[in-house]
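Student: Quick one, structure for this:
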Amino acid sequence: MALWNEKPNQTPGPAVASSALPGERIPPDRTANDPGLAVSPRRPTPKTAVEGGESVIAANLSIEGKIEGTGNVRMAGRFKGDVRIDGNFTMDSGAHLTGQVLAGIVVVGGELQGNIESARRVDVLEGGVIVGDVKAGSITVAAGSRMRGHVEFGWEDEKGKVKGLVNGS
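Tutor: Reported below is the predicted structural model:
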């Protein structure tokens, strides 16, 4: 197989290392069989939410705004704003969110000051804090967690949506 604009009638030479990036040239004397050639593995393509990938807000970040879209989100830092995702939302221990959450499954290990709307499931982990209302299909509360607000769970309509919420009235 010809590489790098070689003429098709040329006799193919030794194989070029597979770690070469498009546009990157490896000198002809450096082949894949050369032990001195460092072959670095390529990074895998980030997974989509369907494949189990997630976006991460690191512990040392503070962000203000809103998060919308599809995919899973894991938060370890501080965020001020609303989260509306078609996926799962996880707050690690030490994370802090001030805003509303609309997601499929919500896991609270940090502190949430705001409401959780229309979740299929909410898990409040040990040390997790919710100051706000929760409306979900089901809720699990661990010993050592705290909550101040109104909770409704188990009230789903025929389509599996939590009644009285976004698209579930």
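
Student: Would you map out the domains in this protein?
Tutor: Domain ranges of the chain: 10-43, 49-153, per automatic domain parsing.

Student: got a pLDDT number for the nearest residue to Ile67 once chain neighbours are set aside?
Tutor: Closest residue to Ile67 in three dimensions, ignoring its sequence neighbours and counting by Cβ to Cβ, 6 or more residues apart in numbering: Val83, at 4.6 Å. Placement of C-beta: from N, CA and C, glycine included. Confidence at Val83, expressed as pLDDT, is 97.

Student: go on, Gly53?
Tutor: For Gly53, pLDDT reads 72.

Student: before we move on, back to that, which one of the domains of the chain has the most crowded surroundings?
Tutor: Of all those, domain 49-153 carries the top mean neighbour count, a mean of 17, counting by mean count of other Cβ atoms under 10 Å.

Student: Least reliable of the domains of the chain by average pLDDT, please.
Tutor: Mean pLDDT is lowest for domain 10-43 among these, at a mean of 50.

Student: Please determine how far the residue nearest to Ile67 is located from Ala58.
Tutor: From Val83 over to Ala58 the distance is 16 Å, taken as Cβ to Cβ, to the nearest Å.

Student: go on, Lys80?
Tutor: Taken as Cβ to Cβ, the span from Lys80 to Ala58 is 16 Å.

Student: Please consider this matter closed, and thank you.
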